[in-house]
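>>> Next come a sequence and a model predicted from it.
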Amino acid sequence: MQELINRAKELLADGTVVRVLGWRKGDMDYNPEVAYFNSAEELDNFVYDGFCGANLSKYMIEASKLEGKTLVFLKPCDTYSFNQLLCEHRVDRDKAYIIGVGCRGKLDIEKVKAQGISGITAVSGTELDGPDSIKVSTIYGDFDVAYTDAMLERCHVCKGKEHKIYDELIGESKDTHDMDRMAAVAAIEAMSPTEKFAYFQAELSKCIRCNACRNVCPACSCRKCVFDSTKFDSQQKANVDSFEEKMFHIIRAFHVAGRCTDCGECSRVCPQGIPLHLFNRKFIKDIDELYGKYQAGETADQRAPLVNFTFGDAEPSIVNERGSK
Amino acid sequence: MAMMKITRDALPALYARIAAEQSLILPVKTAGQTNFGLWNETADVDLYALKTVKSAKDAFFPQSETLYTCTTEDKKITITPEKLTDEQFVVFGIKACDVQGIKVLDKVFLSAPVDSFYAARRAHGTIVAMACSAPSESCFCHAFGIDPTEPADADVVIWPVGDTLCWKAMTEKGEALTALAGDLLTAADAADETALENAKAFTKSVMQKLPYANLTLEGWGADKTDEKFNSPVWDDLYKGCLACGTCTFVCPTCQCYDIKDYNTGKGVQRYRCWDSCMYSDFTMMAHGNNRNSQMQRFRQRFMHKLVYFPTNNDGMFSCVGCGRCVDKCPASLNIVKVIRAFQKAEKGETK
């Protein structure tokens, strides 16, 4: 972490960048916040540890509008989002100085709490070069939790250690992939229509329409979301347990299809623990099956299958063929 | 009224007995998350959960509700107002902080002009508050003078003590519910009272060890508008904000709503639904938006809770320290960070 701070200070001092976008220490060990740092002094509160899960690529949309270059720290998976945003002309490469930071998976405090641990006063051992288990201090005593047991779902299906875009790299990443990325999607596909409906009904009825999933999503970069528009009947604010919130999530999934890099931010931020990433992964799985393997954000100049006609494309009749299964 | 008790094993029978007479709303787990919901025989009741994701606010001020319906037939327009609640219901297992949240809502909805929808629910609802036994790291109700072991303003208070729950009716409504519970409740004896006092003392000792134990509201409160409003601290604090409505919607005291029309094809359903001051279209008017930057929206939420509300309500804060926003903010920003950032700035310390 100190290496990141030192390098940020150098880049600020030599004028390469005018600000730094990173994470600031929280008031607890597990809640660092996204922050801008404008001076060497402010960087003393910089932090980079297991709880810095926030994907800073989305913040680069706003940072691209500011005067001068912004130093941004991106984890391997965040670089896919940055590439995708570049592809969509939503961020300015010339306004970004990217330091690719090492990652050994990011942590989810809810997973710690789910083990019955409460009254947390401190968490240590979460740094990049930390031990295999984190130490959670509580008012009831100390607990050791295996790092992988506290990891976000998305890290178990990690896309890899490689940064897809960067100016320089700091820190070694670890391979955290130990689960089949499409297993949960396949399990839902195998359900009967009634079971599927019940599953989504239970999950989506928890939605409180807070829009956290949309607002954190790097693929949701519209300046004005159709669901916020006051000019049409499309605005949705009511949370009703019947139709609206399902439409919201399904339309959102369609809108980001082929552009979603599967960064997992939607599920990380959902206050109700809805596995929103599964919608997106279903689309990714279908795209892979129908058009060949494709990873959004792999490069900044690739053409996505859904916006790139080829004679080999699936025909509309595919709906009948697959739907009848 | 004398202290009564009920065993934990008898709770399902109690729920069934209450639900036979009135609607029973209590913490229910659905797809892994606990929220207040309607009891039925298959409900996965999670009474001992410390915090529901959303507060119990929905019981009195639902996230969305229809106000009236207009239908057109030929050229005739019929307006049908939505019926006010006229059935008794019980909200079971509200924590002290959330009960205080309802008191905050009362200030807004029961002062003139009275909100008839809210008033009807308040008149027909019986509140069974449950004392906390193990507050968590995000709790800071003490900063607002709330004692989580002695929930105030409830109709019945229950205290979990081991496998028993002590029960005390506090109002006439509470006594009626106690009568309904009937033989499921038995008189508590001296040993129960002692165990209860020990349990309360334990909870208080927990409170003192929690990370926010030393949080105060120094510098905040009524009439602080001028010194806070133009502070440069806001500009630094808001930047991580995603402008979502999580904090607003999990909050037991946020009370802003929007009124909109839903086109049913044959008419219009006029409904209201919770709104969030974090949203770009919040209070959008013909002339534009009265707050056009996220900094202004962010500032509004905290100024409302910690300055404007106390200014207009004899010093009463419209935060109750439940800590839900601390737990749930996707950007890890929260009211405690705001409170402290200003306290540090005012003491001349850098963040």
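Ah, there it is.
>>> Just give the number of residues close to residue 119.
Using chain A here. Residues lying near residue A:119 (other Cβ atoms under 10 Å in any protein chain shown) number 19. To be clear about C-beta, it is placed using only N, CA and C from the backbone, and glycine gets the same treatment.
>>> ah, no, chain B please
The number of residues packed near residue B:119 is 16, by other Cβ under 10 Å.
>>> can you list the domain ranges for the chain.
All of this is about chain A. Domain segmentation of chain A under automatic domain parsing yields A:1-106+A:156-179, A:180-325.
>>> Hmm, no, I was thinking of chain B.
For chain B, the structural domains run B:4-61+B:87-209, B:225-346, going by automatic domain parsing.
>>> what helices or strands is the strand or helix carrying residue A:187 leaning on?
Element membership of residue A:187, judged by DSSP states H and E, is helix A:183-189. In terms of contacts (3 or more Cβ pairs under 8 Å, 6 or more residues apart in numbering or on different chains; DSSP states H and E), helix A:183-189 is packed against helix A:277-291.
>>> residues from the stretch 101-250 of chain B in reach of chain A?
Proximity of the stretch 101-250 of chain B to chain A, by Cβ under 8 Å from any Cβ of the partner chain, involves residues B:134-137, B:206, B:209-211, B:236, B:239-240, B:242-246, B:248-250.
>>> Which ones among those residues lie within strands?
With strands defined by DSSP state E, no entry of these lies inside them.
>>> Please pick the buried ones from the residues you listed.
B:134-137, B:206, B:210-211, B:236, B:239-240, B:242-246, B:248-250 (16 or more other Cβ atoms under 10 Å in any protein chain shown).
>>> Would you pull up the residue in the stretch 201-325 of chain A closest to chain B?
residue A:269 (3.3 Å; Cβ to the nearest Cβ).
>>> Check the burial of that residue by counting its neighbours.
Residues lying near residue A:269 (other Cβ under 10 Å) number 24.
>>> Can you tell me the closest non-neighbouring residue to it?
For residue A:269, ignoring the flanking residues on the chain, the nearest one in space by Cβ to Cβ, 6 or more residues apart in numbering or on different chains is residue B:330 at 3.3 Å.
>>> And the pLDDT at that neighbour?
On pLDDT, residue B:330 comes in at 94.
>>> Contact partners for it?
Neighbouring residues of residue B:330 by Cβ atoms under 8 Å, 6 or more residues apart in numbering or on different chains: A:212, A:215-216, A:268-269, A:271, B:242, B:244, B:246.
>>> One more pass at 7 Å, please.
A:212, A:216, A:269, B:242, B:244, B:246 (Cβ atoms under 7 Å, 6 or more residues apart in numbering or on different chains).
>>> And the furthest pair within these?
Within the contacts of residue B:330, two members stand farthest from each other by Cβ to Cβ: A:216 and B:246, at 10.2 Å.
>>> Am I right that residue A:118 is in a strand?
No. Using DSSP: H, G, I helix; E, B strand; the rest coil, the assignment for residue A:118 is coil, not a strand.
>>> count of neighbours near residue A:73?
Residue A:73 is flanked by 22 other residues according to other Cβ under 10 Å.
>>> Confirm that it lies within a strand, as I assumed.
Yes. Under three-state DSSP, residue A:73 falls within a strand.
>>> My guess is it contacts residue A:22. True?
Yes. Look at residue A:73 against residue A:22 with Cβ atoms under 7 Å: they come within range, at 5.1 Å.
>>> bridging residues for residue B:65?
Note on residue B:65: beta-bridge partners by DSSP bridges are residue B:272.
>>> residues touching it, list them.
B:117, B:271-272.
>>> so which of those comes closest to chain A?
For these, the residue nearest chain A by Cβ to the nearest Cβ is residue B:271; the value is 6.0 Å.
>>> rewinding a little: separation between the residue of the stretch 201-325 of chain A closest to chain B and residue B:80?
Distance of residue A:269 to residue B:80, computed by Cβ to Cβ, to the nearest Å: 40 Å.
>>> Give the buried residues for the helix or strand hosting residue B:103.
If you go by DSSP H and E, residue B:103 is part of helix B:96-109. By neighbour count with 16+ other Cβ under 10 Å, helix B:96-109 contains the buried residues B:96-102, B:104-105, B:107-109.
>>> so what pLDDT did residue A:207 get?
91.
>>> How about the one 10 residues further on?
Listed pLDDT for residue A:217 reads 97.
>>> which residues are in contact with stretch B:248-263?
Contacts to stretch B:248-263, defined as Cβ under 7 Å, 6+ apart, come from residues A:208, A:210, A:233, A:237, A:271, B:53-55, B:57, B:61, B:97-98, B:101, B:104-105, B:108, B:268-278, B:318-320, B:322, B:324-325, B:328.
>>> Over to stretch B:297-305?
With Cβ under 7 Å, 6+ apart as the test, stretch B:297-305 has contacts from B:228-229, B:234, B:237-238, B:241, B:243, B:247, B:277-278, B:282, B:291, B:317-319, B:335, B:338.
>>> Dihedrals phi and psi, residue A:141?
Here is the backbone geometry of residue A:141 (degrees, to the nearest 10): phi 130, psi 180.
>>> all strands in the stretch 201-350 of chain B, in order from the N-terminus.
Secondary structure of the stretch 201-350 of chain B (DSSP state E, counting those that start in this stretch): strands at B:257-263, B:267-274, B:284-285, B:288-289.
>>> near chain A, anything from the third one?
Yes. Contact between strand B:284-285 and chain A is present through residue B:284 (criterion: Cβ under 7 Å from any Cβ of the partner chain).
>>> mind listing what that strand pairs with, with the direction of each?
Note on strand B:284-285: by DSSP bridges, its sheet partners are strand B:288-289 (antiparallel).
>>> Report the rounded mean pLDDT for the partner strand.
For strand B:288-289, mean pLDDT rounds to 69.
>>> Nearest to chain A: which residue in chain B?
Closest residue of chain B to chain A, Cβ to the nearest Cβ: residue B:330 (3.3 Å).
>>> one step back: output the contacting helices and strands for the helix holding residue B:103.
Helices and strands touching helix B:96-109, by 3 or more Cβ pairs under 7 Å, 6 or more residues apart in numbering or on different chains; DSSP states H and E, are strand B:125-130.
>>> Name the next helix or strand downstream of the strand it packs on, please.
strand B:156-161.
>>> quick one: average confidence on that next one?
98.
>>> Contacts for whichever helix or strand comes after it next, please.
The helix or strand immediately downstream of strand B:156-161 is strand B:164-169, counting by DSSP H and E. Here strand B:164-169 makes contact (Cβ under 7 Å, 6+ apart) with B:1, B:3-8, B:156-159, B:175, B:178, B:185, B:188, B:192, B:196.
>>> all helices of the stretch 201-350 of chain B, in order?
Secondary structure of the stretch 201-350 of chain B (DSSP state H, counting those that start in this stretch): helices located at B:225-229, B:233-237, B:246-250, B:294-303, B:309-312, B:324-328, B:335-346.
>>> How far away from the center of its chain is the worst-scoring helix or strand of chain A on mean pLDDT?
When each helix and strand of chain A is scored by mean pLDDT, DSSP states H and E, helix A:318-323 comes last, with a mean of 81. Distance of helix A:318-323 from the chain centroid (Cα atoms, centre = their mean, to the nearest Å) equals 31 Å.
>>> can you dump the C-alpha coordinates of it into CSV?
Below are the C-alpha coordinates for helix A:318-323, written out as CSV (Å, rounded to 0.1, in the frame of the first residue of the first chain):
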residue,chain,number,x,y,z
ILE,A,318,-33.5,-19.6,-32.1
VAL,A,319,-36.1,-18.3,-29.6
ASN,A,320,-38.5,-21.1,-30.5
GLU,A,321,-35.8,-23.8,-30.6
ARG,A,322,-34.3,-22.9,-27.2
GLY,A,323,-37.6,-21.9,-25.7
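>>> gap between stretch B:100-111 and the chain center?
10 Å.
>>> How about residue 108: what's its closest non-neighbour residue?
Just so you know, I chose chain A. Once flanking residues are discounted, residue A:108 sits nearest to residue A:152: 4.7 Å by Cβ to Cβ, 6+ apart.
>>> I was after chain B.
Using Cβ to Cβ, 6+ apart, the nearest residue to residue B:108 is residue B:255, at 4.9 Å.
>>> picking that back up, what's the closest of the domains of chain A to residue B:73?
Closest to residue B:73 of the domains of chain A is domain A:180-325 (Cβ to Cβ; 21.8 Å).
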